[in-house]
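Trainee: here you go, sequence then predicted model.
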Amino acid sequence: MSAHTVIVRDRAGEEARFSVAAGERVLHAGLMAGAGLPHECATGTCGSCRARIEDGAVERLWPEAPGAARFRSDNDVLMCQVGASADLTLSLRGKLTCPPQPPVCARAGILSASARLTSEVGLFDVTLDAPLPYAAGQFALVEFDGIAGPRAYSMISYAPDEPVLKFLVRHGGGPASAFLFGDSALPASVSVMGPFGAAVFDPSEARPFVAIAGGSGIAGILSILDRAEAAGHFARHPCAVYFGLRAPDTAYQLDTLAELVARADGKLSVTIAYSDAEPGEDVARYPALEFAQGFVHEVAGADHDAHPQDAIRYVAGPPKMVDAAMRLLVMEKKVSPTDIRYDKFG
Ligand code: FES
């Protein structure tokens, strides 16, 4: 089957035109061609890549995707969840964006387990056939042979020139998690595409930041911390991280965070918020870290006025936590949405 031509037209009449091959998703093909297609999750949950079919036909790959919940017409599609089965014209309610930067590209890789942190969380490496440049805080899509659809995992370090991506993965209960955490035959061949995500950090912005992360949302924040430390950012712009977990026996990466705090010479604070338990012995075990009991957005909210007003706010984690943190920051603390960068993992 040959490739089809896809035209995406925005409400201002601007057009992006690109080709979609058999088996490709419209969003992914468009981004790889440099088209500024609106998107966030790239995996069917957020709804940001919604478009309407004006002409042509699509192959729907996941009709029940959560991002389809707000469809208003049978012709509505999520560009990340359709292929083109004919030449296609789509319209957007909003506008085309700038081309993705760094560019989105595809790589082949070998995935291997690096460390098991808890029964639910592990570290994995993907060795690529070539580096995949990315910004600190971004994520990539990983597709496994024989498992339908890609999974989104955030890079936990910042080494964009290296041909290895390091991921922190939480067992989500699906087939990809069963494969990764089971007695599977790792290492395994995977396809990787990226980078994605707008919750990025660049030290040239020369601003402090406050990050609120829930669970595996800490992954992208670790990449930001890695980049910030290497750039000497904390000495000029003190930063803070709030990391929400359920209880001490589900905690991970505390050693890494404590070492970062120790090296930052008082210019980085990290607070661990346990929602379901008191911190107990962790207080003595990790003197470099702060501990609190409560939901992470509430703990961060209580400290809000202690941080610089011009701080960039990063929010990363499960949708409920991100929504609660966004409400707190925007409605209660009057932080401008332009100062908030978020990533939802659903
Ligand atoms: Fe397609 Fe999120 S980008 S649903």
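Mentor: Nice, I can see it.
Trainee: S157 contacts S223, correct?
Mentor: Yes: taking Cβ atoms under 8 Å as the definition, S157 is a contact partner of S223 at 5.9 Å. Heads up, the C-betas are built off the backbone N, CA and C, glycines and all.
Trainee: who's more crowded, those two?
Mentor: The neighbour count for S157 versus S223, taken as other Cβ atoms under 10 Å, is higher for S223 (27 against 18).
Trainee: the more buried one: what's it in contact with?
Mentor: Neighbour list for S223: A136, G137, Q138, S154, M155, I156, S157, Y158, F201 [criterion: Cβ atoms under 8 Å, 6 or more residues apart in numbering].
Trainee: give me that answer again for 10 Å
Mentor: Applying Cβ atoms under 10 Å, 6 or more residues apart in numbering to S223 gives the contacts 134-139, 154-160, 166, 168, 200-201.
Trainee: now L31: how far from M79?
Mentor: Distance of L31 to M79, computed by Cβ to Cβ, to the nearest Å: 9 Å.
Trainee: mutual contacts of the two, please.
Mentor: R25, L37, H39, A42, C49.
Trainee: dump the residues you listed to JSON lines, plus pLDDT.
Mentor: Formatted as JSON lines, the shared contacts of L31 and M79 follow (pLDDT from 0 to 100):
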{"residue": "R25", "pLDDT": "97"}
{"residue": "L37", "pLDDT": "98"}
{"residue": "H39", "pLDDT": "95"}
{"residue": "A42", "pLDDT": "94"}
{"residue": "C49", "pLDDT": "96"}
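Trainee: tell me how far I53 lies from E24.
Mentor: Here the criterion is Cβ to Cβ. By it, I53 lies 17 Å from E24.
Trainee: how about the residues of the stretch 51-200 of the chain by the ligand?
Mentor: Counting by Cβ under 6 Å from any ligand atom, the residues of the stretch 51-200 of the chain close to the ligand are G67, L78, C80.
Trainee: got a PyMOL select line for the buried ones in these?
Mentor: Of those, the buried ones can be selected in PyMOL as follows, counting by 16 or more other Cβ atoms under 10 Å:
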select buried, resi 67+78+80
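Trainee: any chance of TSV for the residues of the stretch 51-200 of the chain next to the ligand, columns secondary structure and pLDDT?
Mentor: Below are these laid out as TSV (DSSP: H, G, I helix; E, B strand; the rest coil; pLDDT from 0 to 100):
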residue	secondary structure	pLDDT
G67	helix	93
L78	strand	98
C80	helix	97
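Trainee: which parts of the stretch 1-150 of the chain are strands?
Mentor: Under the criterion DSSP state E, counting those that start in this stretch, strands of the stretch 1-150 of the chain are mapped to 4-9, 15-20, 50-55, 58-60, 76-78, 82-84, 88-91, 105-116, 121-128, 139-144.
Trainee: same list (the ones you listed) but as TSV, adding distance to I340.
Mentor: As requested, the strands of the stretch 1-150 of the chain are exported to TSV (distance: least, Cβ to Cβ, whole Å):
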stretch	distance to I340
strand 4-9	27
strand 15-20	27
strand 50-55	22
strand 58-60	33
strand 76-78	24
strand 82-84	30
strand 88-91	29
strand 105-116	28
strand 121-128	26
strand 139-144	18
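Trainee: nearest to A264, of these?
Mentor: In terms of Cβ to Cβ, the element of the strands of the stretch 1-150 of the chain nearest to A264 is strand 121-128, at 22.4 Å.
Trainee: would you mind writing the CA trace of that closest one as PDB?
Mentor: Written as PDB, here are the backbone C-alpha positions of strand 121-128 (Å, rounded to 0.1, in the frame of the first residue of the first chain):
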ATOM      1  CA  VAL A 121       9.200   0.700  39.500                       C
ATOM      2  CA  GLY A 122      12.300   0.000  37.500                       C
ATOM      3  CA  LEU A 123      15.000   1.700  35.500                       C
ATOM      4  CA  PHE A 124      15.500   0.700  31.800                       C
ATOM      5  CA  ASP A 125      18.000   1.600  29.200                       C
ATOM      6  CA  VAL A 126      17.400   1.800  25.500                       C
ATOM      7  CA  THR A 127      20.600   1.600  23.300                       C
ATOM      8  CA  LEU A 128      19.700   3.300  20.000                       C
END
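Trainee: average pLDDT for it, rounded please.
Mentor: The average pLDDT for strand 121-128 rounds to 97.
Trainee: next one: stretch 88-97
Mentor: Per-residue scores along stretch 88-97 average to 97.
Trainee: quick one: end-to-end length of that stretch, please.
Mentor: Distance across stretch 88-97, first residue to last, is 20 Å (Cα to Cα, to the nearest Å).
Trainee: can you give the distance of that stretch from its chain's centre?
Mentor: The chain centroid and the centroid of stretch 88-97 are separated by 23 Å under Cα atoms, centre = their mean, to the nearest Å.
Trainee: ok, now stretch 268-281?
Mentor: Centroid separation for stretch 268-281 versus its chain: 23 Å, with Cα atoms, centre = their mean.
Trainee: how long is it from one end to the other?
Mentor: Stretch 268-281 has an end-to-end distance of 22 Å (Cα to Cα).
Trainee: can you check the pLDDT for the single nearest residue of the stretch 151-300 of the chain relative to the ligand?
Mentor: The ligand sits closest to F196 of the stretch 151-300 of the chain, with a gap of 8.4 Å, by Cβ to the nearest ligand atom. F196 carries a pLDDT value of 96.
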